[in-house]
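Participant: Here you go, sequence then predicted model.
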Amino acid sequence: MPKRLIKAALFLCVGLLAGAARADLFLTITFLHQEVPLPPVLSNLDPIPDTLGEDGARLGLGDNRTTGAFLGHNYALQTASVPPGGDLIAAAKSALTASPYLVLNAPAADVLRITDLPEAASALIFNVAAPDTRLRDADCRTNLFHTLPSEAMRADALMQALQRKRFVRLALITGPHAPDKAFAHALRRSAVKFGLKIVGEKEWDFDADMRRNASQEVPLFTQDFKDHDVLLVADEIHDFGRYIAYNTWLPRPVAGSEGLVPVAWSRVVEQWGAAQLQSRFKELTGRDMRPRDYAAWAAVRALGEAVTRTESNDPTRLRAFILSDQFELAGFKGRPQSFRPWNGQMRQPIPLVTDRAVVIQAPVEGFLHQRTELDTLGLDEPESRCEAFQ
């Protein structure tokens, strides 16, 4: 047999063997959803999709499979939803038995219950629903990563934008629910951090129907605020905030949970290829992508990117790579996104949006950092009390 034919046969065999080895590289991810009963709100104009978050994970799975098809990598997504009062721990144990990769759509307390399970010790768990800063601070866990921005990141983004526009005197209205109070706390902390002043605060305590009474009640409610540049609203369940704008005693812009809003994602983000991501999501789901969808997409894509770069599905190796300087995720927000090695939070720009446009994106130009300007948003390494990652 001619030597060139022998060489060709050898190359073919090697290629087939390599392809077979790559085809064995398989990753299963579980999307686990804890259903949470929501308090009643004044308006039902913005219903929450039943598949919020899960749809983002599905889009991420498709993106991973597209890349994996060229490399012999394959991915699967399992989903589980636990009703209120259901056995979340049993569902988590079952998921962790099947795979160490978990995308978790649950409140902070449930996140901690799951990450502390013995079965989760070597797992990689991605939080896509709990913005609680404490999960990135004293309550961090070594197996827990966050693709959803924290309350502190969103608050810092807003304060940078207001400082840039010289809106430095603020008033604050806080809703009665725990998420409202947590966001208000983040806003106060951030105002101090960036040199803005909150000159007045009130807690929303109305039980009247604002759909009929806002034009009479809101001016009286805001009448005793000192002069301010912007009115901050902490209404994270979106109950009363929509009725504040244009009804205040002083004609002032509204920001926070309403008006100018810092978000992980919005349908109005269109630059940096985002319009293409938006259209693919809408084609898949028939609706616009929301922040929790984006966080779930980013979590699944982060795992896919790590598998692609390491040629491995070992959780220890993937974790090390995700926390390394070599990891980058193209997140369609203009800058490569990575994870903070001191608390597992994904660094990412925060768009500040209205219902119809992006106004500005943080980090805002002029806010500098010795490592990356993305670390001006949220807990920087010297501020974080997270010890698990040390």
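Facilitator: Looks like it came in fine. Residues are numbered from 1 along each chain as shown.
Participant: Now do the SS call for the most centrally placed residue in the chain.
Facilitator: Against the mean C-alpha coordinate of the chain, by Cα atoms, centre = their mean, the closest residue is residue 148 at 1.6 Å. When classified by DSSP: H, G, I helix; E, B strand; the rest coil, residue 148 comes out as coil.
Participant: so it makes contact with residue 128?
Facilitator: Yes. Using Cβ atoms under 8 Å, residue 148 is in contact with residue 128, at 5.3 Å. For the C-beta atoms, the positions are set from N, CA and C on the backbone; glycine is no exception.
Participant: intersection of neighbour lists for the two?
Facilitator: With contacts defined as Cβ atoms under 8 Å, 6 or more residues apart in numbering, the residues shared by residue 148 and residue 128 are 292, 295.
Participant: Helices of the stretch 101-250 of the chain, residue ranges please.
Facilitator: 108-115, 151-164, 178-193, 210-222 (DSSP state H, counting those that start in this stretch).
Participant: what's the closest of those helices to residue 378?
Facilitator: Of all the helices of the stretch 101-250 of the chain, helix 151-164 sits nearest to residue 378, with 3.7 Å by Cβ to Cβ.
Participant: Show residues contacting that closest one.
Facilitator: For helix 151-164, using Cβ under 8 Å, 6+ apart, the contacting residues are 131-133, 136, 168, 170, 182-183, 185-187, 189-191, 193-196, 229-230, 255-256, 260, 262-263, 345, 350, 352, 359-360, 362-367, 376-379.
Participant: about what we covered before: could you single out the most deeply buried of the helices of the stretch 101-250 of the chain?
Facilitator: Stretch with highest mean neighbour count among these: helix 151-164 (a mean of 26; mean count of other Cβ atoms under 10 Å).
Participant: Return the residues in contact with residue 315.
Facilitator: Per Cβ under 8 Å, 6+ apart, neighbours of residue 315: 100-101, 122-124.
Participant: cool, residue 376 as well?
Facilitator: 156, 160, 362-363, 367-369 are the contacts of residue 376 under Cβ under 8 Å, 6+ apart.
Participant: repeat that with 7 Å
Facilitator: When contacts are counted by Cβ atoms under 7 Å, 6 or more residues apart in numbering, residue 376 touches 156, 363, 367, 369.
Participant: Quick check on the nearest residue to the second one once chain neighbours are set aside: phi, psi?
Facilitator: Meaning residue 363. Closest residue to residue 363 apart from its sequence neighbours, by Cβ to Cβ, 6 or more residues apart in numbering: residue 373 at 4.1 Å. With angles defined as degrees, to the nearest 10, residue 373 sits at phi -60, psi -20.
Participant: returning to that earlier point: and the residue nearest to the centre of the chain, what does it touch?
Facilitator: Residues near residue 148 by Cβ under 7 Å, 6+ apart: 127-129, 131, 264, 291-292, 295.
Participant: and which of the residues you listed is nearest residue 176?
Facilitator: Ranked by distance to residue 176 (Cβ to Cβ), these are led by residue 131 at 18.1 Å.
Participant: Surely residue 373 touches residue 364?
Facilitator: No. Contact criterion Cβ atoms under 7 Å: residue 373 and residue 364 do not qualify, at 8.7 Å.
Participant: Neighbour count for the two, which is higher?
Facilitator: residue 364 (22 against 18; other Cβ atoms under 10 Å).
Participant: ok, that one to residue 278 distance?
Facilitator: 24 Å (Cβ to Cβ, to the nearest Å).
Participant: Over to residue 126?
Facilitator: 22 Å.
Participant: Repeat that for residue 323.
Facilitator: 29 Å.
Participant: What does the pLDDT read for the residue nearest to the centre of the chain?
Facilitator: pLDDT for residue 148: 98.
Participant: what's next to the helix or strand hosting residue 59, contact-wise?
Facilitator: If you go by DSSP states H and E, residue 59 is part of helix 54-68. Here helix 54-68 makes contact (Cβ under 7 Å, 6+ apart) with 31, 33, 74-75, 77, 79, 103, 280-281, 284-285, 289, 292-297, 300-301, 304, 308.
Participant: and this protein, what are its domains?
Facilitator: By the assignment in automatic domain parsing, the chain contains the domains 21-149+266-348, 152-262.
Participant: For residue 389, which of the ones you listed is the nearest?
Facilitator: So among the domains of the chain, domain 21-149+266-348 is nearest, using Cβ to Cβ, at 5.3 Å.
Participant: can you give me how far that closest one is from the chain middle?
Facilitator: 9 Å (Cα atoms, centre = their mean, to the nearest Å).
Participant: sorry, back to before: and the domains of the chain as JSON lines, adding distance to residue 389?
Facilitator: JSON lines is the format used below for those (distance: least, Cβ to Cβ, whole Å):
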{"stretch": "domain 21-149+266-348", "distance to residue 389": "5"}
{"stretch": "domain 152-262", "distance to residue 389": "17"}
